[in-house]
Each structure stands twice: as structure tokens, then as C-alpha cells.
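>>> requesting a structural model of the entry that follows:
(2 chains)
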Amino acid sequence: MSLALVVIGFALIVLLDLIPLIRKRDGHGIAAFLLLFSPALVLAVLQAVGVEVPGIVIVLWRKLHALGLTY
Amino acid sequence: MCVIVSSWAVRFGIRVVTRYSFLFSILSVLILTASVLLLMDQMNLQNFLPMLDQPVMKYVQGIHVITTIPFGELVALLMITPNLQLSGKEVSKYLFLGFLMGGIFFLITMMRDIAVLGNTMNLFSFPSLMAFRLINLGEALSRMEILFVIALVLLLFFKVTFLQYVSVAAVAQLTETRSFRHLALAVGALIAVCGLTMHQPSEVQYAVTGYESTPIVWTFFEIFIPFLTYLLAKLRKLPKTDGKKPAAKGKRCRT
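Now for the predicted structure:
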């Protein structure tokens, strides 16, 4: 159910934004759109199927803590 | 829902984002003033004592956190300064006046919470919410924390919208695209998804990052990179135009 909602939501974004960019043949715009859209889609699908994705801030904190670069 | 509204606002440019900022600011100041007046009878000046009784490192850390997290974020405002129809001096004047006002209101908020809550302040995630809960004007007007929630939601909405605008503008400039408005929803989706994962696997760990690692990471982006940019511009004697604004290499975004 949640996966279906994710697919519908992201399909709407593609319809609203990617299709006009393709029509305009704006290569830079398409690249920028995909740069932002792809990680969002991957993260959303992972969450929808139940994969626990750790927060990037917490991952960074762990790494810095291991290096002794935290307060 | 908030991100959808933000994305829609960003699609139509910075004017839409900032049009309501004056109203938000006035409302927040009114709510802050009302809270200080209504909590006056519950303030205890003894809560400020003893002063300077902590280890030095605690003060260094505290100042670092305050410098980077609430105030360092103001560096995002530099992204819109080239689009302002004001002279350099006027921009500096208004920016510093805004920073000063923000600092004063922040100080008043902190002092109010310390005076009202004292040492118990450390126990709460939202000390201001607890302070508002203590306002009691009889049976009818006892749930005043709604005022805090209104101010919080208004200001967070404005902040998220502005930061989203800045992110979209940055990506558009980096990729040299004019299709600015078509990136807003993609950025909104990324914000929403990252927001959902932010607290995983533990909210406690996330809270710890706020005062252990975030100030160190953000210092690089908020102080080091802007200072390096300024230094390089000075060394290369930029801008080289005769008093006019420098021509940007990337295409200017629609505002």
C-alpha cells in the first residue's frame, strides 16, 4: 500500500516536472532533476518496503565519534 | 503536506516565500512579548545563579553550538543577496539589523526560559513549550502553549521554505539551468524522505548529534567555505566591473 502511494507520488512529480523538461530539451535541467529525484526515489522505496535507512546525521556522528572529532 | 506547500511556494519564486515573512516576524514578536509579560510572576532571578560555574569547555561548546546552529544558518541568506535591488551598504545594514534583532529576541527567549524553569530546563526537549504551559490566567485561558506551537510552526515553515528555495537556486546555478521551478518538487521529495530517516535508528542519538558533531561539521560549511570564498575574491580583486554587479558565470535564476 505504502509502496503504491510512493510510486503514485513520484509519478506525479515526473508528470509535473520531468516531462516539461524533456519537452523543452533542457539537458542541464533534466540532469539537475535526476540528481535530486533519484536519491529521493531510492530512499522512499527503501522505506516503503521496510528497510531501516539510518539518518545521515547519525551516520556522520558515528564516524566523527570514532575519529575523536566530536565534543 | 508542509513540504508540498513549501515546494509550491518555491516554484513561484522568492517573492512568494518572503511576502509573508514580515507577518510571521510580527506575530512571533507579539507572542514572545505576551509570554514574557504573562510569565513575569513566575520568574525567579535566583535561577541565573551561580554564574560561570561550569568547566570552560562547556562554555566553548555552548558558544560553538549557538554560533553554528541558529546563527550560522544565516549564511543561507547570502544566496539571495545578489538578487536584491539594494546597494551593498543597504544590504549590509538590513542584514546586520536583522541579525541583531534575531539575537536580541533569542536572548530574551533564553532568559525567559531560564528565569521560569531554572535547572529543570535541561529535562525538556522544548523548554519554551513548558514555560508556556505554566501560564495560567484562570480556567478559560490556561492552555496558552498553543501560542508557542503557532509561532514554532510559522517560523519552521518559513525556514524550511527559504532553505528549500536556496537549495533549488544552488542546484540550478551549479547545473546552469534556467528551469528553476521544475526542481522544487524534486527537492521537496528529497527533504521529505530525508526528514523521515533523520531520527533513525534512535531519537536520542539524533539529539546527541546536535551538540556533539553538528557544530563541527557545520563550521566547515558556514564559516570556513564562505571565508575562503571571501579571501579568494579579495586576492583576485573581484568584482572587476565598474561599480556594476559582476556578471555571473552561471545563468541567474528567476526570482
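>>> quick one: the strands in the stretch 51-200 of chain B, in order.
Applying DSSP state E, counting those that start in this stretch to the stretch 51-200 of chain B gives no strands.
>>> quote the end-to-end distance of stretch B:201-219.
As for stretch B:201-219, its first-to-last residue distance stands at 25 Å under the measure CA to CA, to the nearest Å.
>>> is it anywhere near chain A?
Yes. Shown here: stretch B:201-219 in contact with chain A (CB under 8 Å from any CB of the partner chain) through B:201-202, B:205-206, B:208-209, B:211-217. From N, CA and C alone the C-beta is placed, and that goes for glycine too.
>>> so which elements touch the helix or strand in which A:L41 is found?
According to DSSP states H and E, A:L41 maps onto helix A:27-48. Judged by 3 or more CB pairs under 8 Å, 6 or more residues apart in numbering or on different chains; DSSP states H and E, helix A:27-48 is in contact with helix A:2-13, helix A:19-24, helix B:145-174, helix B:184-197.
>>> list the buried residues of the helix or strand following that helix.
Next helix or strand after helix A:27-48 toward the C-terminus (DSSP H and E): helix A:56-67. By 16 or more other CB atoms under 10 Å in any protein chain shown, the buried positions in helix A:56-67 come out as A:V57, A:I58, A:L60, A:W61, A:L64.
>>> so what touches stretch A:18-33?
Outside stretch A:18-33, the residues that touch it by CB atoms under 8 Å, 6 or more residues apart in numbering or on different chains are A:17, A:37, B:171-172, B:174-179, B:182-183, B:186.
>>> need the buried ones from those residues selected in PyMOL.
Of those, the buried ones can be selected in PyMOL as follows, counting by 16+ other CB under 10 Å:
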select buried, (chain A and resi 17+37) or (chain B and resi 171+172+175+177+179+182+183+186)
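>>> could I get the contacts of stretch A:18-33 as JSON lines with pLDDT and distance to B:W8?
Formatted as JSON lines, the contacts of stretch A:18-33 follow (pLDDT from 0 to 100; distance: CB to CB, whole Å):
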{"residue": "A:D17", "pLDDT": "91", "distance to B:W8": "12"}
{"residue": "A:F37", "pLDDT": "95", "distance to B:W8": "17"}
{"residue": "B:V171", "pLDDT": "92", "distance to B:W8": "18"}
{"residue": "B:A172", "pLDDT": "92", "distance to B:W8": "17"}
{"residue": "B:L174", "pLDDT": "91", "distance to B:W8": "23"}
{"residue": "B:T175", "pLDDT": "91", "distance to B:W8": "22"}
{"residue": "B:E176", "pLDDT": "90", "distance to B:W8": "25"}
{"residue": "B:T177", "pLDDT": "88", "distance to B:W8": "20"}
{"residue": "B:R178", "pLDDT": "84", "distance to B:W8": "20"}
{"residue": "B:S179", "pLDDT": "83", "distance to B:W8": "16"}
{"residue": "B:H182", "pLDDT": "91", "distance to B:W8": "13"}
{"residue": "B:L183", "pLDDT": "92", "distance to B:W8": "13"}
{"residue": "B:A186", "pLDDT": "93", "distance to B:W8": "13"}
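>>> what residues are up against residue 42?
By default, I'm working from chain A. By CB under 8 Å, 6+ apart, no residues touch A:V42.
>>> my bad, chain B
Counted by CB under 8 Å, 6+ apart, B:Q42 has contacts B:V116, B:L134.
>>> where does it land on pLDDT?
Among the per-residue scores, B:Q42 shows a pLDDT of 90.
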